[in-house]
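>>> Mind looking at a prediction? Sequence and model below.
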Amino acid sequence: MELILGYDDFGKIIDQKLDFVDKSLFIKEFLDSVGTEVTVITRPRRFGKTLNLSMLRYFLASEIHGRSTKGMFDNLKIAHCGNDKNGVNYISHQGQYPVIFLTFKDVKEVSYTDAINKLRIIIRNLYQESRFLIKSERLEVDEKSIIQKMMDAKSELADLEVSLLQLSNYLSKHYQKNVFILLDEYDTPLQASFLNGYYDEMKGFMQKMLGTALKGNPYLNRALVTGVIRVAKESFFSGLNNPKIYSVMQSQYSEYFGFTQEEVDDLLKKFGMSDQATDVRKWYNGYRFAGTIVYNPWSIVNFIASRELRPYWVNTSDNALIQELVMNSRSEFKEALEKLLRGETCEQLINEHVVFGDLKQNPGAAWSLLVSAGYLNVVSSIIQDDVTTCVLEIPNREVYGVYRYMIKGWLSSTQGISWYNEFLKNLLSGNMQEFYENLEILFTQVISVRDIGREPEAFYHALMLGLICSLDRNIYEIISNAESGYGHSDIMIVPKIENKLGIVLELKSLKEIPKKEQTVTRLLEKSAKEALTQIEKLNYVAGMQKRGIKEILKVGIAFAGKRFQIATAVWPPKKISSAEIKKIGEKKETTKKKVRQAKSSKKATKAKKISKSRKIAPPAKNPSKRGKITKSTPKGKNNQQI
């Protein structure tokens, strides 16, 4: 017994007699919707869209790649489900229709020209599959010459725009029957174009190509289109004859994309893994498609094959668009996402009709995309005055890991994975001097002042949470704005393993930033001390003390734009020997000396350049003194000011 892994061609699965979950009743439901000419189904990636379309193709067509489809469905559920609304047995529809099947899942080019060339190849292959039309007695000579031109990939842009309409015409003439058009991953070119700056051109092309094929096409029987995003009809499916769009929030087709609980239980039993059902539920369950609970099928199949609980979806799903939205989002978006990362729910307005141009400006569009793409799950929803309000959550542990992977990937891509690992190591070990330097690199080389926005404290809070959200939840619990002692601490990192350091972070932001650097430093030092005092005065460590944490690091951080200061203390307090005090003092003096020397050298170099350009004598070697910024600190965990 061998379960399918990575197969998206239904014919190969049948030919090789592989084991698979029978979803053939999807065909019945589609055939029953005879009044709908164009059906659009959106589901997350790797939820079986391509395989279902391939199955439907083999059911409708009489022959594919020279292989007869007769008998392929005899042992499946569709063959034993009775008659349709007209009293015709469903299986009698098998092999009776001409079909156009194509997928855009690989059209991810970085330029419009390259994308059109990729589409030209797809259309060429599509026409080559119908090369028998060249010999058809029902087609005219000029029609055959057009087919030959398309097979030779000599088509112009205008030819591509009408290619599906023309092919449906030729197939309809040859078979004397109208055509089914099955299009998989229609929105992949749109996502790629949005990310790479040619969205308007691609949207215009797709509107013409699909518009001519799906709107007013006299040779069309019915069409089924799948994708991830439910694009607004006004911007893309404009003018189609009442297309029906079924997203994750509609009940129709809900059980045919993804594995149901019953199907997962059967698979685990079949492969002798029923004892892991609880862990499987935590890792891969949690999706609700209009009330139907489903599992990620790609993850389930990979888990059964490897017998190892770990994230599989993260390695396949193209999350470039999601990552850009999350990383460049506004502070209120990050605050809501922060709640979700803590395992809570959040309530958001959802507009399923996504307009790509709105994604960066409209948080509602971004939330809709996260739901459609499978990164968030709808717990419940209320529709009032055409506005849908949804309670959202992160579906399962695997998807939570996707967010961690995404944020860690963003940070490591800017400074390198070694920098990020060192950053976490220094924080978790209480090495505040090195932690300060890590954070300083991030602010000077990565963070932009424009990122901070109008609500700086919310930005810094979200940033710090983002920096630590990749911590292993089996080892640490991250708590934000939780009640502890006599108040609510900003962030707590609570170890779940004995002898690990607990950490309390209290964050402050200067409301007004003075022009003088010396004044900014003084105010930041004062604010950082106040944050530390707040931790101690309101006894924020009480919660961790109650849990039996033996050592707790208290950290106050004050921010002003891209500058910051840190004050720390450790609980319980430790006595410092006179030798250690002397060593700390010597280190501070050494650091101050280096800062003075660096400033003097910089000013002297600048003065020499001015002197040379003006042909005057250079100034004295000892420039006038200016305010100094002190950021040195011992590497210990006792009371420190950085």
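Sure thing, it's come through.

>>> Leu340: neighbour count?
Using other Cβ atoms under 10 Å, Leu340 has 18 other residues around it. Every C-beta, even on glycine, is put in place using the N, C-alpha and C of the backbone.

>>> Need the three-state assignment for Val21.
Secondary structure, DSSP: H, G, I helix; E, B strand; the rest coil: Val21 is coil.

>>> Torsion angles phi and psi at the closest residue to it other than its chain neighbours?
Nearest residue to Val21, sequence neighbours excluded (Cβ to Cβ, 6 or more residues apart in numbering): Glu263, at 5.3 Å. Glu263 adopts backbone torsions of phi -70, psi -40, taken as degrees, to the nearest 10.

>>> What's the local residue count around the nearest residue to Glu344 once chain neighbours are set aside?
Take Glu344 and drop its neighbours on the chain: the residue closest to it by Cβ to Cβ, 6+ apart is Glu393, 7.8 Å away. Neighbour count for Glu393, taken as other Cβ under 10 Å: 19.

>>> which ones are touching Glu393?
Gly286, Leu340, Glu344, Thr345, Cys346, Leu376, Asn377, Val379 (Cβ atoms under 8 Å, 6 or more residues apart in numbering).

>>> Go through the residues you listed and flag which are in helices.
Secondary structure from DSSP state H places Leu340 of those in helices.

>>> In the contacts of Glu393, find the pair that's most separated.
Gly286 and Cys346 (15.4 Å; Cβ to Cβ).

>>> what about these two, which has more around it?
The neighbour comparison of Gly286 against Cys346 (other Cβ under 10 Å) goes to Gly286, with 21 against 16.

>>> If you count neighbours, what's buried in stretch 481-488?
By neighbour count on 16 or more other Cβ atoms under 10 Å, the buried set for stretch 481-488 is Ala482, Ser484, Gly485.

>>> what's the answer for stretch 177-191, then?
In stretch 177-191, counting by 16+ other Cβ under 10 Å, buried: 178-191.

>>> circling back to that earlier point, which ones among the buried residues of stretch 481-488 lie within strands?
Ala482, Ser484 (DSSP state E).

>>> I'd like the buried residues of stretch 481-488 laid out as TSV, including pLDDT.
Output for those, formatted as TSV (pLDDT from 0 to 100):
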residue	pLDDT
Ala482	77
Ser484	84
Gly485	84
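
>>> Okay, domains of this structure per the record?
The chain is divided into the following domains under automatic domain parsing: 10-246, 259-310, 320-398, 418-577+634-641.

>>> ok, which stretches of the stretch 251-400 of the chain are strands?
259-260, 287-289, 292-295, 346-350, 377-384, 387-393 (DSSP state E, counting those that start in this stretch).

>>> for the stretch 401-550 of the chain, same thing?
Counting by DSSP E, counting those that start in this stretch, the strands of the stretch 401-550 of the chain are 476-484, 487-495, 502-509.

>>> where exactly do the helices run in the stretch 151-300 of the chain?
Counting by DSSP state H, counting those that start in this stretch, the stretch 151-300 of the chain has helices at residues 157-161, 163-175, 188-196, 199-214, 261-270, 277-284, 297-306.

>>> Wait, Glu324 touches Gln191, no?
No: under the criterion of Cβ atoms under 8 Å, Glu324 makes no contact with Gln191, lying 10.6 Å away.

>>> picking that back up, Lys85: which of the contacts of Glu393 is nearest?
Closest to Lys85 out of the contacts of Glu393 is Asn377 (34.1 Å), distances taken as Cβ to Cβ.

>>> Mind picking out the helix or strand in this structure with the poorest mean pLDDT?
The helix or strand of the chain with the lowest confidence, counting by mean pLDDT, DSSP states H and E, is strand 640-641 at a mean of 52.

>>> Fine by me, we can end here.
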